[in-house]
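Chemist: coordinates for the following, if possible.
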Amino acid sequence: MQRPAASPAHLHSSDLEPPMIRRTTSAPEGRIVTLEHHSRVLAGNPLGDPAVRKLAVWLPPGYDEGTGRGSRGGRGKRYPVLFDFVGFTGAGPAHLNWRPFDENVPERLARLVHDRKMGPAIVAFPDCFTRLGGNQYVNSAGVGRYADYLTKELVPLVDREFRTFAAREHRGCFGKSSGGYGAIVHGMKHADTWGAVACHSGDAMFEFCYYPDLPRTLNELARYRRPPRRAGRVDVARAVARARGRDGRIGRFLEAIGARAKFTDAEVHALMMLAMAATYDPDPRDPTAIRLPVDLETGELIPARWRRWLAHDPVRMVAQHGRALRSLRGVWVDCGWRDQYHLHYGARMLSLALARSGVAHAYEEFDDTHSSIDYRMDRSLPFLVRALR
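Modeler: A predicted model of the protein is given here:
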């Protein structure tokens with residue numbers, strides 16, 4: 001899943017070329033601008049991912065009225081800003097793609113603004129993809145400093161290039177799944193940057209959303225065990241000692257899938273768990289920087305490592321960051337009650353923790369799973385823009 005090589009480092013802005021055939025809409029569509037920049041924060045990141053990234057930005061209808069089509073600074077109306085944190089295996093540009101029987105995010109934004117269900121806002125679509133399939137939008141010694149990338153580089157970049165209200169009271173972030181996790185955690189740890197956040201089906205209550213997936217991950221990694229498993233008597237103690245000595249199966253797994261164009265469902269889920277391990281408990285002594293919180297042979301939980309994961313669980317983080325959360329102008333949390341990763345239980349626990357810490361928030365549930373729930377933005381985006389005016 002290595003990204004294509006990036007183009008030479010420079011900074012510019014340009015309109016995306018319109019397609020030859022477009023779906024008609026009665027709503028003015030706004031426009032999309034792309035910024036390409038060289039990130040100092042991501043330079044030399046642990047995974048060797050590109051430091052040159054493209055940032056897509058949607059400008060609402062009316063942005064150019066009376067100002068020409070230039071994007072930088074200048075006089076004219078200013079707007080609140082939202083940042084879209086995309087879920088695992090995704091990146092900001094994915095939300096610009098054409099979708100069958102549905103809207104992409106810019107089309108959804110244009111409709112909401114046209115129908116006066118949402119005030120106009122500038123929306124940025126950051127590219128935070130990694131060779132592990134994504135990240136949690138936090139700083140990690142095993143993945144990279146993606147919280148700093150967002151708050152210290154992209155936020156100033158957007159404020160410099162566009163007519164924003166350049167203050168945290170007028171800036172928010174939203175996301176689903178890993179992106180939802182990133183949004184709520186940014187509301188806790190970076191409230192000096194964000195004024196409102198929305199978390200759709202975000203990772204929470206790790207005992208339910210991650211722990212059940214660990215056996216499946218171990219089964220997938222076992223295919224890369226050396227020596228291969230054979231039928232017959234097994235010296236489990238010896239096998240455990242060998243696995244704890246870093247037998248290389250994680251590295252062999254990553255090398256194998258890195259050479260493929262197609263993954264199985266089990267491989268994607270194993271990659272996701274390794275990405276979580278690199279984020280929550282990186283191992284600087286291992287070439288992959290990855291260690292799991294369970295024994296690779298027996299699956300026995302390793303309490304010290306699991307505690308490091310739990311320290312990043314939003315449900316547990318709320319009490320520590322209650323003051324920052326209470327300073328936000330809006331907090332939105334929702335989840336489908338048939339979520340296949342059991343995230344509705346985490347969402348309920350998160351809402352309960354917020355309430356116990358005196359954090360005003362909107363919490364909603366709906367009859368759906370974890371998949372194809374972008375329509376929930378029809379609820380959260382107007383909420384955020386109202387809070388950020």
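Chemist: what residues are up against the residue sitting nearest the centre point of the chain?
Modeler: Most central in the chain under Cα atoms, centre = their mean is residue 179, positioned 3.0 Å from the mean C-alpha point. Contacts for residue 179 (Cβ atoms under 8 Å, 6 or more residues apart in numbering) come out as 84, 85, 86, 87, 90, 137, 200, 202. Where C-beta positions appear, they are placed from N, C-alpha and C, glycine not excepted.
Chemist: now swap in residue 196 and tell me
Modeler: Residue 196 neighbours (Cβ under 8 Å, 6+ apart): 172, 187, 328, 329, 330, 331, 332, 383, 384, 387, 388.
Chemist: you'd agree the first one is up against residue 380?
Modeler: Read that as residue 172. No: in this structure, residue 172 is not within contact of residue 380 by Cβ atoms under 8 Å, at 9.7 Å.
Chemist: compare the two (neighbour count), which wins?
Modeler: Neighbours around residue 172 and residue 380, counted as other Cβ atoms under 10 Å, are more numerous at residue 172. The numbers are 32 against 27.
Chemist: residues contacting the more buried one?
Modeler: 80-83, 194-198, 330, 384, 387-388.
Chemist: got a winner among those for most neighbours?
Modeler: residue 197 (33 neighbours).
Chemist: pLDDT score for it?
Modeler: Note on residue 197: pLDDT of 99.
Chemist: all strands for the stretch 1-150 of the chain, in order.
Modeler: Using DSSP state E, counting those that start in this stretch, the strands assigned to the stretch 1-150 of the chain run over residues 12-15, 31-38, 52-59, 81-85, 122-125, 139-140, 144-145.
Chemist: quick one: the closest residue to residue 31 other than its chain neighbours from residue 379, how far?
Modeler: Leaving aside its sequence neighbours, residue 31 sits nearest to residue 59 (Cβ to Cβ, 6 or more residues apart in numbering; 5.3 Å). Distance, residue 59 to residue 379, by Cβ to Cβ, to the nearest Å: 23 Å.
Chemist: and residue 266, by the same measure?
Modeler: 34 Å.
Chemist: residue 190 too?
Modeler: Residue 190 is 24 Å from residue 379, by Cβ to Cβ.
Chemist: compare those two and say which is more crowded by neighbours.
Modeler: Applying other Cβ under 10 Å to residue 190 and residue 379 shows that residue 190 carries more neighbours, namely 21 against 16.
Chemist: host element of residue 159?
Modeler: helix 155-161 (DSSP states H and E).
Chemist: again, but for residue 383
Modeler: Going by DSSP H and E, residue 383 is part of helix 377-388.
Chemist: that helix packs against which elements?
Modeler: Helices and strands touching helix 377-388, by 3 or more Cβ pairs under 8 Å, 6 or more residues apart in numbering; DSSP states H and E, are strand 81-85, helix 105-114, strand 171-176, strand 196-200, strand 330-336.
Chemist: please name whichever of the ones you listed is nearest to residue 33.
Modeler: helix 105-114 (11.3 Å; Cβ to Cβ).
Chemist: figure out how far that closest one is from the centre of its chain.
Modeler: 21 Å (Cα atoms, centre = their mean, to the nearest Å).
Chemist: what residues sit buried inside it?
Modeler: 105, 106, 107, 108, 109, 110, 111, 112, 113, 114 (16 or more other Cβ atoms under 10 Å).
Chemist: identify the farthest-apart pair in those.
Modeler: The widest separation within these (Cβ to Cβ) is 14.7 Å, between 105 and 114.
Chemist: wait, which of the contacts of residue 172 is closest to residue 260?
Modeler: residue 83 (31.5 Å).
Chemist: any idea how far the closest one is from residue 50?
Modeler: Taken as Cβ to Cβ, the span from residue 83 to residue 50 is 20 Å.
Chemist: same thing with residue 221?
Modeler: Taking Cβ to Cβ, one finds residue 221 at 27 Å from residue 50.
Chemist: following the lengthiest helix in the chain, which helix or strand comes up?
Modeler: In the chain, assigned by DSSP state H, the helix with the most residues is helix 265-280. Later in the chain than helix 265-280, the nearest helix or strand by DSSP H and E is helix 303-310.
Chemist: by contact count, what packs against that following helix?
Modeler: helix 265-280.
Chemist: name the residues of the helix it packs on that come out as buried.
Modeler: 267, 269-280.
Chemist: ok, now stretch 356-370?
Modeler: 357, 359, 361, 363, 365, 368, 370.
Chemist: ditto for stretch 86-104
Modeler: 86, 87, 88, 89, 90, 91, 92, 93, 94, 95, 96, 103.
Chemist: I'd say the third one and residue 275 touch.
Modeler: The one in question is residue 88. Yes: contact criterion Cβ under 8 Å: residue 88 and residue 275 qualify, at 7.2 Å.
Chemist: which neighbours do those two share?
Modeler: With Cβ under 8 Å, 6+ apart, residue 88 and residue 275 have common neighbours 133, 134.
Chemist: if we can go back for a sec, for the buried residues of stretch 356-370, which two are the farthest from each other?
Modeler: 357 and 368 (27.9 Å).
Chemist: what about the stretch 1-150 of the chain, any weak spots by pLDDT?
Modeler: Scanning the stretch 1-150 of the chain for pLDDT under 70 picks out 1-27, 66-74.
Chemist: go with 80
Modeler: 1-28, 66-75 (pLDDT under 80).
Chemist: per-domain residue ranges of the chain.
Modeler: Per automatic domain parsing, the structural domains of the chain span 12-205+314-388, 208-310.
Chemist: and among those domains, the most buried is which?
Modeler: Ranked by mean neighbour count, those are led by domain 12-205+314-388 with a mean of 19 (mean count of other Cβ atoms under 10 Å).
Chemist: pLDDT wise, what is the nearest residue to residue 366 once chain neighbours are set aside at?
Modeler: The shortest distance from residue 366 to any non-neighbouring residue, by Cβ to Cβ, 6+ apart, is to residue 336 (5.4 Å). Residue-level confidence at residue 336 comes out at 98, pLDDT.
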